[in-house]
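Engineer: Fold the following and give me the result.
(chains A and B)
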Number of protein chains: 2
Amino acid sequence: MVLINGIETHSVPATDRALHYGDGLFETVAIAGGVPRRWERHLTRLADGCARLGIPQPDAALLHAEALRVCRGAERAVLKVIVTRGSGGGGCRPPAAPTPTRILALHAWPDYPACYASEGVRVRRCSTPLGCNPRLAGVKHLNRLEQVLARAEWSDADVPEGLMSDLHGHVIEGTMSNLFLVRDGTVVTPDLSECGVAGIVRGLVLERCAALGIATAVAQVGTRDLEAAEELFLTNSLIGIWPVRELDGRAYRPGPVSLRLARALASGEDSGAAA
Amino acid sequence: MVLINGIETHSVPATDRALHYGDGLFETVAIAGGVPRRWERHLTRLADGCARLGIPQPDAALLHAEALRVCRGAERAVLKVIVTRGSGGGGCRPPAAPTPTRILALHAWPDYPACYASEGVRVRRCSTPLGCNPRLAGVKHLNRLEQVLARAEWSDADVPEGLMSDLHGHVIEGTMSNLFLVRDGTVVTPDLSECGVAGIVRGLVLERCAALGIATAVAQVGTRDLEAAEELFLTNSLIGIWPVRELDGRAYRPGPVSLRLARALASGEDSGAAA
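Structural biologist: Alright, predicted model coming up:
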């Protein structure tokens, strides 16, 4: 089902600014038992993104009602929520009083092998760079050509993710996930002040670490840091935590910190959703 | 009129990748007497962009026929052509064999005051930076949030354009135009190997300079270069050439080189269209 501004339809006006400029935001929400998981966190990030881009924030109760309507009866699925600046304006100039478009669409749950979470995944490094722009960094906006080109670099079905770096060689994130390293007992994730998407589960992992007394650092990460890491893992709202077992031929093991955090994340869902 | 894949409609499938990722390209074409101007040049740039993004190139004859159909009877108008990667794929991963979407829409000719071309325009500098990415530089793609945010910085109706710089402070282009400087008889335009859009008229101006024996340079441009310039002008497919008469309070005059190039551009349209 696709719900656009509350109406069941499968099409969007050709004037919508998302189509012309990528002028909008999105959230990818896990659905379990007909209910969106971590809804409050997704809503908070969406509101932050609206503020960053100057898009009026959709009414929270309305969006929640629409999400529940789309997800009704879906045992295990994905809800994609897109909020655009709507139509109008003069060229790229936004309209003074935008009427945002809400697009809620239900998608099948991705059939990742169960061993990805337990045994880890093979990962590669992409050559498509991420451009830096503090004005957009962290925001889950609709300008995603860099990720599209990076994901087009490989087709090996056994490699579900690739890592992207900025033009300075700092490793930032995966094409669809955030990256974590474990070294000397500290959990490190790349700094996202110049580029990248601030993932919901990235934030949850940092919180879980604090609750568990695990040291964390948000830092610049380079190739040597990847090589020196004892553990690597990836996060997003659908996969939770995937340990990395291989990066371009270099072996890693799904280590104790990754697995401990995966357990903490799974057991703490409710508090996370309520936060 | 809006023509999507040859069909008159006003909506696009909600699955189109332009909506989700800005995964596509566009051209803004001036229409005069029902005919798209500089069509071959637009088509060439579109084909280059398709090659850069890995999108199959639309059939040239089909696209031309559709353009003529949309523009029929339009004395003075704007044709916007969008080519997207279509629907499908797994997340940001493109489909192996994409079926592109062609969107052709007719818009009213913008009612810019005639004095903009003869007396010049007031221009400002924007604070929203352009991110650098050689992988996308020059391409007229649909990821345009930077331009949207830059254009939202001001609402003075008497300031039709703002200049954008990259994070290193290099001045690159306007939100909807390319930039030229004239200094010591040389026509300079910013290098676009890291960011920016390679405009059709930008290319034409460089060609006209060569034909007229005017020296040109494609170079990094900084604030001091703007200050030291004898003339500044802006170009795009709709405005042609606009001299700059003021940049953030600093006065410029629509100088002889700008006006000579504007005349050369106007008189050489046919050869430009056939090139």
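
Engineer: does any part of stretch A:124-135 sit near chain B?
Structural biologist: Yes - where contact is defined by Cβ under 8 Å from any Cβ of the partner chain, part of stretch A:124-135 touches chain B, namely A:128-135. Placement of C-beta: from N, CA and C, glycine included.

Engineer: What I need now is these written out in a markdown table, including distance to A:Thr99 and neighbour count for each item.
Structural biologist: Compiled in a markdown table, these are given as follows (distance: Cβ to Cβ, whole Å; neighbours: other Cβ atoms under 10 Å in any protein chain shown):
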| residue | distance to A:Thr99 | neighbour count |
| --- | --- | --- |
| A:Thr128 | 35 | 20 |
| A:Pro129 | 36 | 22 |
| A:Leu130 | 32 | 25 |
| A:Gly131 | 30 | 26 |
| A:Cys132 | 32 | 23 |
| A:Asn133 | 27 | 23 |
| A:Pro134 | 29 | 13 |
| A:Arg135 | 24 | 18 |
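
Engineer: right, and A:Ser237 touches A:Pro36 too?
Structural biologist: No - judged on Cβ atoms under 8 Å, A:Ser237 makes no contact with A:Pro36 at a distance of 9.9 Å.

Engineer: where do the contact lists of those two overlap?
Structural biologist: Common contact partners of A:Ser237 and A:Pro36 (Cβ atoms under 8 Å, 6 or more residues apart in numbering or on different chains): A:29-30, A:42.

Engineer: Now, these that are in strands?
Structural biologist: Counting by DSSP state E, the members of the shared contacts of A:Ser237 and A:Pro36 that fall within strands are A:29-30.

Engineer: could I get the shared contacts of A:Ser237 and A:Pro36 as CSV with neighbour count?
Structural biologist: Shown next, in CSV, are those (neighbours: other Cβ atoms under 10 Å in any protein chain shown):
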residue, neighbour count
A:Val29, 25
A:Ala30, 23
A:His42, 24
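
Engineer: Reformat the shared contacts of A:Ser237 and A:Pro36 as JSON lines; add distance to A:Val188 and pLDDT.
Structural biologist: Formatted as JSON lines, the shared contacts of A:Ser237 and A:Pro36 follow (distance: Cβ to Cβ, whole Å; pLDDT from 0 to 100):
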{"residue": "A:Val29", "distance to A:Val188": "27", "pLDDT": "98"}
{"residue": "A:Ala30", "distance to A:Val188": "25", "pLDDT": "97"}
{"residue": "A:His42", "distance to A:Val188": "25", "pLDDT": "98"}
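
Engineer: looking at chain A, which residue lies furthest from center?
Structural biologist: Taking Cα atoms, centre = their mean, the residue of chain A most remote from its mean C-alpha position is A:Gly90, at 31.2 Å.

Engineer: Ramachandran coordinates for that one?
Structural biologist: The phi and psi torsions at A:Gly90 (degrees, to the nearest 10) take the values phi -110, psi 100.

Engineer: which one is it nearest to, not counting chain neighbours?
Structural biologist: Residue nearest to A:Gly90 in three dimensions, not counting chain neighbours: B:Pro110, with 7.8 Å by Cβ to Cβ, 6 or more residues apart in numbering or on different chains.
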